[in-house]
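A.B. asks: Show me how the following folds:
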Amino acid sequence: MQTILIIDDDEAIRQVIGVMLENEGFRAVLAPDGKTGLQEAFSARPNLIVVDLRMPGLSGVDVCKAVRSSGMRTPLIVLSAIGDEIDKVLLLEIGADDYVVKPFGTRELLARIRALLRRASPDTSQVISFADVEVDLERLVVRRKGDEVKLTRAEFKLLAFFLQNPDRPLTRDVLLNSVWGYEAFPNTRTVDAHVVRLRQKLEPDSDTPRHFLTMHGIGYRFIP
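C.D. replies: Residues are numbered from 1 along each chain as shown. Here you go, the predicted model:
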């Protein structure tokens, strides 16, 4: 599980981002100020850091510079308020990789986080296999016993989310939010229908699934 450190003196923003990350399968570490955040950066060794640019005391600029001067190459996303002068020169000067302007949508921030994590791990294999199935996340291709399996966009996104969260209880709400998005409002039965189709296309026996398991009263769990 990848760890994301959130450094922001606004408790509401910290909590919103933290809940969103936990729902998406990340471990969220929350810090209320720059000093605490810098300590967490060195102790928790997060995979990515989101830091507010303007904070009392140790600012986001100071945090970014301290992280980079220590030799850490952890991806950094800066949160800035409307009116802050943010450009590529400033980002380079403080060692940040990207920025998001407040107020921001959680889906936008999540997309930036995922993009940076992918860039930070270019050698990570984008091909994941289980049983007789091979999934190429980069080319969006699924093969079973060497033959290509046709999936809809939503089916592929659901499969990819399962693959990225193996052996983890996933509620229908988490799956809805992650695959269809917070702005979409499909019925929870949509998840059930798509899981059924994944079973039919990828399970050895769809009536006795081995990989896409139902957790009664909770949701689903993917077992590679």
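A.B. asks: In this structure, where is pLDDT below threshold?
C.D. replies: Along the chain, segments meeting pLDDT under 70 span 82-89, 121-125, 181-186.
A.B. asks: Ser80 versus the nearest residue to Gly95 once chain neighbours are set aside, what's the distance?
C.D. replies: Spatially, and ignoring its direct neighbours in sequence, Gly95 is nearest to Arg68 (3.4 Å; Cβ to Cβ, 6 or more residues apart in numbering). Where you see a C-beta, it was placed from the backbone N, CA and C, and this is true even at glycine. According to Cβ to Cβ, to the nearest Å, Arg68 stands 18 Å off from Ser80.
A.B. asks: and Glu148, how far is that from Phe212?
C.D. replies: 20 Å.
A.B. asks: before we move on, back to that, can you list the residues that contact the one helix or strand the residue nearest to Gly95 maps to?
C.D. replies: Using DSSP states H and E, Arg68 falls within helix 60-69. Outside helix 60-69, the residues within contact range by Cβ atoms under 8 Å, 6 or more residues apart in numbering are 7, 34, 37-38, 41, 49, 51-54, 74, 76, 78-79, 94-96.
A.B. asks: hmm, try it at 10 Å
C.D. replies: 5, 7-9, 31, 33-35, 37-38, 41-42, 49-55, 58-59, 72-74, 76, 78-80, 84, 90-91, 93-97, 99 (Cβ atoms under 10 Å, 6 or more residues apart in numbering).
A.B. asks: now the next helix-or-strand element following that helix, how far from the chain's geometric center?
C.D. replies: Going down the chain from helix 60-69, the next helix or strand is strand 76-81, by DSSP H and E. Computed by Cα atoms, centre = their mean, to the nearest Å, the chain-centroid distance of strand 76-81 equals 17 Å.
A.B. asks: Could you do stretch 164-172 as well?
C.D. replies: Put simply, stretch 164-172 sits 13 Å off its chain's centre (Cα atoms, centre = their mean).
A.B. asks: Show me which residues of that stretch are buried.
C.D. replies: 164-165, 170-172 (16 or more other Cβ atoms under 10 Å).
A.B. asks: Now the element after the strand or helix carrying Lys201, going C-ward?
C.D. replies: Per DSSP H and E: Lys201 is located in helix 188-202. Downstream of helix 188-202, the next assigned helix or strand under DSSP H and E is strand 212-215.
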